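*Asks:* this is a predicted model, with the sequence first.
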Amino acid sequence: ALIAGTARKINRGVENLFTGLILDLLQKEMEPNAELQMTLAAKRERKAELRMTLAATKMKLQAEVRKALAADDLDEIPPGVSVEFLVTHFDRELERLFPDKYDEATTFVQLADWLWGPPDSDGRRGFERPVDLFGHVRMIGSSREGKAGVSLCTAIGQRFPSAVGCATNFISWSWRYSIKKFIRALQAYCAGHNNTASGCFVWVCFICNNQFEWLQEGGKDGVKEFGTNLKKIQNVICVVDDVAAKAVYFTRLWPVFEVFTAHCEQLPIHLALMEDGQQRLLKMNLLEAREAIVVDVMSAKASEKKDEDQIKALIAGTARKINRGVENLFTGLILDLLQKEMEPNAELQMTLAAKRERKAELRMTLAATKMKLQAEVRKALAADDLDEIPPGVSVEFL
């Protein structure tokens, strides 16, 4: 009876009031705190330090890489396989060929054993009974003097022409990764960067190198070949498995060398963090995230001893600077990723604008009924009832 005729306005008013209170709480939760501001300042400082520490080694590494690169090799961008194909056909074909052993934990090292046989003491594989995945065993390519055996990428391109194109991204990674998790990381990267999986063609050494030449004959110069492709493709995605001391990425020599070379060449470098690393990162505080990356390039290993010896001879005398440089680089990439997760998005900005508009409307809609409600409430309350404040129980007691 007291609010007769004003019910709709009261409904709208209380809705607006609580919308404002809830949005205030949400905004407060999402604002960067002092720790984040300090961390971002430290990140900028470490980035500046990175540029200084890398300057001393940049010229030497550039000279070595350029020496390994023939100018006429830079004209053609190497082929890559689409992420969409990896998600659909590649994964499903492995499930079909190896139904009893291909699962979530299967790594590319294991797949190499299944396809081309286990390695000997020198890292060579026998290829005695190779599995003809996508027809790469029987196909004859332009190399190897007419012998059968091409890269998986070449075979895929013959059967699925739309699945292969000029590589848009050079992938820095490790064969020790789970195949399924690796593919999902690339799929998530494409989704997060507004790239279609069908239009993102990745150069993945396992798929794009002719493993008959690399693993059976062993006649390739890794520094030259990888350096050439890195320079041609001009864009690097580092697929990192974790942000912990046990992360595989930072214990393997090739990915550390690749990303440092890319940085010295001033190529764009992006981070695709695998799901285990994503989950761990979201549980970390900012200090833990900053200290998660530890690099010791001279302790990192390569599968083939000659590659390891060649790279370590090339970086002799600059290992400490490379360690610090790669640590700082990835600290920046990881903090950027963490900051992106914490930043208010466009939807929130629109919501906050709507909140301000609704607050203004609230004041206007309540003004008309405020005086009437106050008068009615005062009339209903006896003045002598207001003298004594009623008792309450403490929250501590509750």
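*Replies:* That came through, no problem.
*Asks:* and the helices in the stretch 101-250 of the chain?
*Replies:* For the stretch 101-250 of the chain, helices defined by DSSP state H, counting those that start in this stretch occupy the ranges 108-116, 152-159, 179-192, 205-208, 211, 222-233.
*Asks:* for this structure, what helix or strand is lowest in average pLDDT?
*Replies:* Lowest on mean pLDDT, DSSP states H and E among the helices and strands of the chain sits helix 34-68, with a mean of 60.
*Asks:* quick check: next helix or strand after that helix?
*Replies:* Next in sequence after helix 34-68, counting helices and strands by DSSP states H and E, comes strand 79-82.
*Asks:* mind listing what's buried in that next one?
*Replies:* Pro79, Gly80, Val81, Ser82 (16 or more other C-beta atoms under 10 Å). In short, each C-beta sits where N, CA and C put it, glycine included.
*Asks:* for that strand, give the mean pLDDT please.
*Replies:* For strand 79-82, mean pLDDT is 96.
*Asks:* quick one: the helix or strand following it to chain centroid distance?
*Replies:* Counting by DSSP H and E, the next helix or strand C-terminal to strand 79-82 is helix 83-85. How far helix 83-85 lies from its chain's middle: 17 Å, per C-alpha atoms, centre = their mean, to the nearest Å.
*Asks:* which strands or helices does the following helix or strand past helix 83-85 pack on?
*Replies:* Sequence-wise, the next helix or strand downstream of helix 83-85 (DSSP H and E) is helix 91-97. Under the contact criterion of 3 or more C-beta pairs under 8 Å, 6 or more residues apart in numbering; DSSP states H and E, helix 91-97 touches helix 179-192.
*Asks:* give the buried residues for the helix it packs on.
*Replies:* Ile179, Lys180, Lys181, Phe182, Ile183, Arg184, Ala185, Leu186, Gln187, Ala188, Tyr189, Cys190.
*Asks:* got the contact list for the residue most central in space within the chain?
*Replies:* The residue lying closest to the centre of the chain (C-alpha atoms, centre = their mean) is Ala272, at 1.9 Å. By C-beta atoms under 8 Å, 6 or more residues apart in numbering, the contact set of Ala272 is Ala185, Leu186, Ala188, Tyr189, Ile237, Cys238, Val239, Val240.
*Asks:* ok, now Val259?
*Replies:* Ser172, Val236, Cys238, Ile269, Val326, Leu329.
*Asks:* ranges for the strands of this protein?
*Replies:* Per DSSP state E, the chain carries strands over the ranges 79-82, 164-166, 169-172, 201-203, 236-240, 269-273.
*Asks:* these: which one's closest to Ala247?
*Replies:* Closest to Ala247 of the strands of the chain, according to C-beta to C-beta: strand 236-240, at 6.6 Å.
*Asks:* would you mind pulling the contact partners of that closest one?
*Replies:* 169-173, 177, 182, 185-186, 189, 202, 230, 247, 249, 255, 258-259, 262, 267-274, 277, 330, 333.
*Asks:* parallel or antiparallel, which strands does that strand pair with?
*Replies:* Here strand 236-240 is paired, per DSSP bridges, with strand 169-172 (parallel), strand 269-273 (parallel).
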